[in-house]
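>>> Mind looking at a prediction? Sequence and model below.
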Amino acid sequence: MDKIRGRVWKFGSNVDTDQIIPAEYLVTGDPKKLAGHAFEKVRPDFAKKVKKGDIIVGEENFGCGSSREHAPRALIGCGISCVIANSFARIFFRNSINIGLPLIECAVEATEGDILEIDFENGRILNTNSGREYRFKPLPDFLLDLLKAGGIVEYTKRKLASN
Amino acid sequence: MTIAEKILAKKSGKKKVEPGEIIEAEVDYIMVNDVTGLPAFEVFENFNVAPLRDKIVLIPDHYVPNKDVPSAEQAKAMRIFAKKYNLPYYYEVGSSGVCHQHMIEKGFAAPGRLIVGADSHTCSYGALGAFSTGIGSTEAACAMALGNLWFRVPESQKFIIEGKTRKYVMGKDVILHIIGDIGVDGALYKSMEFYGSTVESFPLADRISIANMTVEAGAKAGIIPPDNTVYEYLKGRVIGEYEPVFADSTAEYIETFSYDAIEIPCTVAKPYLPSNIAPASELGDITIDQAYLGSCTNGRIEDLRIAAKILKGKKIHPNVRMIVVPASKEVYEQALEEGIIKVFLDANAYVSGPTCGACLGGYMGVLARGERCISSTNRNFIGRMGHKESEVYLANPAVVAASAITGRITDPGEVEHG
């Protein structure tokens, strides 16, 4: 995942987990099944039109609300490659990192449909439509190691093996 | 160090921790519910180890009694997991209640403990001086195998609330007022610690409402220093020993906020954020279709008592249905014993057994298009309780009861002599 290129879905502040995946669908953990209901109440066309590799750009406090891991699972099921926001709610942040959905904390100006190029290695985001480039701070080492290990499940397997 | 820092230091075997540092710490308990349990059990089977039996608490509450076949399958998965590993802390429907109330009643929550739960309102146990926080399902599975988990040590904020409250003002109003002040991300990633004479005078029920809703300000934890109110409550309940933890006099808080309790009115959070507050007395023109009393935020005996006091001898407004959901079996039994359930029934309220149900729009009180609910719950997001064009107004149980009588949002003071 050193570099990705994707189309933007633009959201505002305080996108909550009830918006990402409404509670009535929390009867499965399967990303593919959840994906069909992503943003159903607020963006009814999202699940139909989203394509593999698309990028979500939010503003403040993305993913606030419940602890449901179904939210990042639904986004993975939709093929979302990365979520960029000025800030993330903490449980959504943990869940995403733990299950391997890349998040970037960075204020990026983008409009719906813009194409972004993300260079994870060098911490750069290029909006190919506006030509503007943004820099972001890489995750702390521990979390990068967690991502490199393949998420917290692989990390846990290694720890159990070494115990 | 602050309370949060001290608990995390102790549980990670360190003398000192600093905000921003990432540590791995031993957890006392890992709780999952029927919604977040299934994904955790699936992940757990990757590990080929026995779970840490005495740390795992399984409480079906969101969609039990089951609302449909998929939710029945989900609840069954929890039952099977509990049986397969012979887990001691599985609680069948009818024996428990809403997970956070049950965690407190059964003595899992206690001062100085580090508790994680795959439910965002796990922060409730901070009311007893624990560091408790919501996590996801995958990491819950990892913690069930390892007994520990990674944490970023949060910065701490100090909230001081002093003085006597106005009549009918509860813990719910205090926390709504604070969220209205600092915003829904005003405590993002942080630990909120609460001090002052108002908090000290609150019974545990109000303190739980405060700690419970700290997540609505983005907080990782909401902690109230434990005192005799907590120690007395825990007598005969608590599992094992516990050690209260207090902040050092030299503890560093990144921000301090002070409030005068007398200035906090009965407060309502309008759609679609818990920070969108207004005094109940200013919303008297807003009619309601449903009044909901229950949840981990306000479904305790104290909450039912105040609502019953207001409803006694009165009828629910003909345009309104009122739904009362005691947060646990213990609360239900106590309410029966005190005649409170009878008051609700006489007023034409619908009383159900414990479940999270309608709080998150699952079942047992879902709203139709255009309907409006005054609710003692914790979230008023778009479509939270049903149709995307329905509305939830958050309030304390006294406001919910008063509004159920008048059919519009009502400050309880208005109906007390009616």
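Received the coordinates, thanks.

>>> ok, which stretches of chain A are helices?
In chain A, the segments counted as helices under DSSP state H are A:17-20, A:31-35, A:46-49, A:70-78, A:90-99, A:141-148, A:152-162.

>>> scratch that, chain B is what I was asking about
Using DSSP H, helices in chain B cover B:3-11, B:34-44, B:69-84, B:99-105, B:137-146, B:171-182, B:197-201, B:204-212, B:228-234, B:295-298, B:301-311, B:329-337, B:340-346, B:397-406.

>>> B:Ala278: which of those helices is closest?
If you check each of the helices of chain B against B:Ala278 by Cβ to Cβ, helix B:171-182 wins as the nearest, at 8.6 Å. In short, each C-beta sits where N, CA and C put it, glycine included.

>>> Report the buried residues of that closest one.
Neighbour-count burial for helix B:171-182 flags B:171-180, B:182 (criterion: 16 or more other Cβ atoms under 10 Å in any protein chain shown).

>>> Stretch B:75-91 too?
Buried-residue list, stretch B:75-91, by 16+ other Cβ under 10 Å: B:75, B:77-79, B:81-82, B:85, B:87, B:89-91.

>>> what's the first-to-last distance across that stretch?
Criterion Cα to Cα, to the nearest Å; first-to-last residue distance in stretch B:75-91 is 11 Å.

>>> residues touching B:Phe81, list them.
Counting by Cβ atoms under 8 Å, 6 or more residues apart in numbering or on different chains, B:Phe81 touches B:37, B:41, B:44, B:58, B:87.

>>> in the sheet, who's paired with B:Arg372?
B:Arg372 has the following beta-bridge partners by DSSP bridges: B:Glu391.

>>> any idea how far B:Thr287 is from it?
To B:Thr287, B:Arg372 is 7 Å away according to Cβ to Cβ, to the nearest Å.

>>> residues near the closest residue to A:Arg94 other than its chain neighbours, how many?
Nearest residue to A:Arg94, sequence neighbours excluded (Cβ to Cβ, 6 or more residues apart in numbering or on different chains): B:Gly136, at 6.0 Å. B:Gly136: 31 surrounding residues under other Cβ atoms under 10 Å in any protein chain shown.

>>> So in chain A, which strand runs the longest?
Longest strand in chain A by number of residues (criterion: DSSP state E): strand A:3-10.

>>> From the chain's centroid, how far away is it?
In this view, strand A:3-10 has its centroid 11 Å away from the chain centroid, taken as Cα atoms, centre = their mean, to the nearest Å.

>>> now for it, which elements pack on it?
Using 3 or more Cβ pairs under 8 Å, 6 or more residues apart in numbering or on different chains; DSSP states H and E, the elements in contact with strand A:3-10 are strand A:55-57, strand A:115-119.

>>> Which of those sits closest to chain B?
Of all these, strand A:55-57 sits nearest to chain B, with 17.2 Å by Cβ to the nearest Cβ.

>>> just to revisit the earlier point, TSV for the helices and strands packed on strand A:3-10, including mean pLDDT and distance to B:Ile7?
What follows is the helices and strands packed on strand A:3-10, written out as TSV (pLDDT from 0 to 100; distance: least, Cβ to Cβ, whole Å):
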stretch	mean pLDDT	distance to B:Ile7
strand A:55-57	98	35
strand A:115-119	97	37
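
>>> among these, which is the most enclosed?
Most buried of the helices and strands packed on strand A:3-10, by mean neighbour count (mean count of other Cβ atoms under 10 Å in any protein chain shown): strand A:55-57, with a mean of 26.

>>> so what strands line up beside it?
Strand pairing for strand A:55-57, using DSSP bridges, gives strand A:3-10 (parallel), strand A:82-85 (parallel).

>>> Just want the angle from the first one to strand A:115-119.
If I follow you right, that is strand A:3-10. 140 degrees (axes from the mean of the first three to the mean of the last three Cα atoms, to 10 degrees).

>>> coming back round to it: if we compare the helices of chain A, which one ends up closest to B:Gly236?
helix A:90-99 (33.2 Å).

>>> so what secondary structure elements neighbour the closest one?
helix A:70-78, strand A:103-105, helix A:141-148, helix A:152-162, helix B:137-146.

>>> repeat that for 7 Å
Here helix A:90-99 touches helix A:70-78, strand A:103-105, helix A:141-148, helix B:137-146, going by 3 or more Cβ pairs under 7 Å, 6 or more residues apart in numbering or on different chains; DSSP states H and E.

>>> then the last one to CSV, C-alphas only?
Going back to what we said before, that points to helix B:137-146. Provided in CSV are the C-alpha atoms of helix B:137-146 (Å, rounded to 0.1, in the frame of the first residue of the first chain):
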residue,chain,number,x,y,z
SER,B,137,-14.6,-6.6,18.1
THR,B,138,-11.3,-7.7,16.6
GLU,B,139,-9.2,-6.3,19.3
ALA,B,140,-11.7,-7.7,21.9
ALA,B,141,-10.9,-11.1,20.5
CYS,B,142,-7.1,-10.4,20.8
ALA,B,143,-7.5,-9.3,24.4
MET,B,144,-9.5,-12.5,25.1
ALA,B,145,-6.4,-14.4,24.0
LEU,B,146,-3.6,-12.2,25.4
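
>>> B:Pro203 is nearest to which of the helices and strands packed on strand A:3-10?
The nearest among the helices and strands packed on strand A:3-10, by Cβ to Cβ, is strand A:55-57 at 43.2 Å.

>>> could the buried residues of stretch B:75-91 be laid out in TSV, adding pLDDT?
Output for those, formatted as TSV (pLDDT from 0 to 100):
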residue	pLDDT
B:Ala75	97
B:Ala77	97
B:Met78	98
B:Arg79	98
B:Phe81	98
B:Ala82	98
B:Tyr85	98
B:Leu87	98
B:Tyr89	98
B:Tyr90	98
B:Tyr91	98
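
>>> contacting residues for B:Met170?
Shown in contact with B:Met170 (Cβ atoms under 7 Å, 6 or more residues apart in numbering or on different chains): B:206, B:209, B:396, B:398.

>>> Can you get me a residue count around the closest residue in space to B:Asp285 that isn't next to it in sequence?
Take B:Asp285 and drop its neighbours on the chain: the residue closest to it by Cβ to Cβ, 6+ apart is B:Arg408, 6.7 Å away. The local packing of B:Arg408 (other Cβ under 10 Å) involves 18 other residues.

>>> which ones are touching B:Arg408?
Counting by Cβ under 7 Å, 6+ apart, the residues that B:Arg408 touches are B:284-288.

>>> Which residues does stretch B:186-198 contact?
Here stretch B:186-198 makes contact (Cβ under 7 Å, 6+ apart) with A:61, A:87, A:90, B:2-4, B:154-163, B:165, B:174, B:210, B:214, B:217-224, B:247, B:261.

>>> which parts of chain A sit against chain B?
Chain A comes close to chain B at residues A:14, A:16, A:18-19, A:22-24, A:26-29, A:41-42, A:60-61, A:64-69, A:87, A:89-91, A:94-95, A:98-99, A:140, A:142, A:152-153, A:156-157, A:159-160, as judged by Cβ under 7 Å from any Cβ of the partner chain.

>>> now do 6 Å
Proximity of chain A to chain B (Cβ under 6 Å from any Cβ of the partner chain) is limited to residues A:14, A:16, A:18, A:23, A:26-27, A:29, A:41, A:60-61, A:66-67, A:69, A:89-91, A:94-95, A:98-99, A:140, A:142, A:152-153, A:156, A:160.

>>> For PyMOL, write the select line for the buried members of these.
Restricted to buried positions by 16+ other Cβ under 10 Å, the PyMOL selection for the residues of chain A next to chain B reads:
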select buried, chain A and resi 14+16+18+23+26+27+29+41+60+61+66+67+69+89+90+91+94+95+98+99+152+153+156
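
>>> low-scoring pLDDT stretches of chain A, where are they?
Scanning chain A for pLDDT under 70 picks out the ranges A:1.

>>> Quick check, central residue of it?
Residue closest to the average C-alpha location in chain A (Cα atoms, centre = their mean): A:Val83, at 3.4 Å.

>>> quick one: that one from chain B, how far?
Using Cβ to the nearest Cβ, to the nearest Å, A:Val83 is found at 15 Å from chain B.

>>> My read is that that residue contacts A:Leu103, right?
Yes - between A:Val83 and A:Leu103 a contact is recorded at 5.2 Å, counting by Cβ atoms under 6 Å.
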